[in-house]
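Student: Sequence below, structure please.
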Amino acid sequence: MTAAARVPRIDLAPYRQGSAQDRADVAAQVDTACRDIGFFTITGHGLPDTMMSDTMATADAFFRLPTSEKLKIRQPAKDISRGYTPLAAEQLSAGLGDSAPPDLKELIDIGPVDVPGGDYYTCAAAGNHFHPNIWPETPTGFRPTMEAYYRAMNGLADTLMDVFALALDLPDGFFTDKLDRNMSALRLICYPEQIAAPEDGQLRSGAHTDYGTLTILAADAAPGGLQARHRSATWVDVPIVQGEFVVNIGDAMQIWTNDIWISTLHRVVNPDRQDGPRARRLSMPFFHQPNYDAIISPLASCLAPGETPKASQITFGDHWMSKWMASRDQL
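Tutor: Residues are numbered from 1 along each chain as shown. I've put the predicted structure just below:
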């Protein structure tokens, strides 16, 4: 593997605590990563390791419950991204028109946790983007643990969006009014041990892109992990290191930058069947997503003189819904 085809590791501490030049240096590293592969890992993020490990332990306790217990909070309808989705009930690659078998995972979707109320959140245009979360009764402490983690991830995402603005030579706070009523989502995923062999073409998660601005991922390092597709068409293993987060950009950033930055295809591959019980894997992606009425179209600053935008204007809510429903409608 060439150096260019690796996922870079970026220390955020100089951006958070350093000089203007330190901040510019971090932004330059992020810009390079987003142009080359759309993925990077971060250290120096300022969040305690225990927050990640305690949240993952709580998620693990839920997924070890009997199926009958987990189904008590089952997703209520296809267009409501809340609650529990059982094994093989989603097909992410369908969002790109792929007809592969469903993904070998089970999951919980959690939406915004601090919804102030009012017309914006309840009108017809809001749809189900602010539908109440569906919380399990067990394990004890599940709801406060997940709400605290959601808030921490939302705060970290805001910092990263400030880095993005600097990297793109945009004014400070450029993205704020596009994110201040965001519809971000925390997803808890269990990839169980694969007792039976997968179907042809079936993966833990099929190749897909994420829909929003960026994703912040915490995961364990069990076999059968995350891979990203580099511009060179090489599939690159994404490293998982305790205490670090994986960050990747989503479709909104690719559209806003007119394809200068990449919303990279990624997938979660199957483990070697010899790995046995050790191959059970947990991950917790936080999908940072703009306001549903934010206009997603190429920024003037990302267009060369006379260059034609590569994407048509769309609201983020419409973009999200088309991708989400495709992942469910094939099943």
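
Student: Quick check: residue 228 touching residue 266?
Tutor: Yes. Look at residue 228 against residue 266 with CB atoms under 8 Å: they come within range, at 4.6 Å. Just so you know, the C-beta spots here come from the backbone N, C-alpha and C atoms, and that holds for glycine as well.

Student: Give me the more crowded residue out of these two.
Tutor: More crowded of residue 228 and residue 266, by other CB atoms under 10 Å: residue 266, with 25 against 21.

Student: quick revisit: okay, and the common contacts of residue 228 and residue 266?
Tutor: 39, 238, 248 (CB atoms under 8 Å, 6 or more residues apart in numbering).

Student: Relative to residue 315, which of those is nearest.
Tutor: Compare each of the shared contacts of residue 228 and residue 266 with residue 315 using CB to CB and the shortest gap goes to residue 248, at 22.4 Å.

Student: Quick one: the strands in this structure, in order.
Tutor: 9-11, 39-43, 83-85, 106-110, 185-191, 205-208, 214-219, 226-229, 235-237, 245-249, 266-268, 281-288, 295-296, 314-315 (DSSP state E).

Student: could you dump these to a markdown table with distance to residue 157 and mean pLDDT?
Tutor: Shown next, in a markdown table, are the strands of the chain (distance: least, CB to CB, whole Å; pLDDT from 0 to 100):
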| stretch | distance to residue 157 | mean pLDDT |
| --- | --- | --- |
| strand 9-11 | 15 | 98 |
| strand 39-43 | 11 | 97 |
| strand 83-85 | 23 | 96 |
| strand 106-110 | 15 | 97 |
| strand 185-191 | 11 | 97 |
| strand 205-208 | 20 | 90 |
| strand 214-219 | 6 | 97 |
| strand 226-229 | 19 | 93 |
| strand 235-237 | 23 | 92 |
| strand 245-249 | 9 | 97 |
| strand 266-268 | 18 | 94 |
| strand 281-288 | 4 | 96 |
| strand 295-296 | 17 | 95 |
| strand 314-315 | 20 | 93 |
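
Student: out of these, which comes closest to residue 304?
Tutor: Nearest of those (CB to CB): strand 295-296, 19.7 Å.

Student: Starting from that closest one, tell me which strands it pairs with and how they run.
Tutor: Strand 295-296 has its sheet partners listed here by DSSP bridges as strand 314-315 (antiparallel).

Student: which residues touch the partner strand?
Tutor: 255, 292-297.

Student: make it 7 Å
Tutor: Under the contact criterion CB atoms under 7 Å, 6 or more residues apart in numbering, strand 314-315 has outside partners 292-296.
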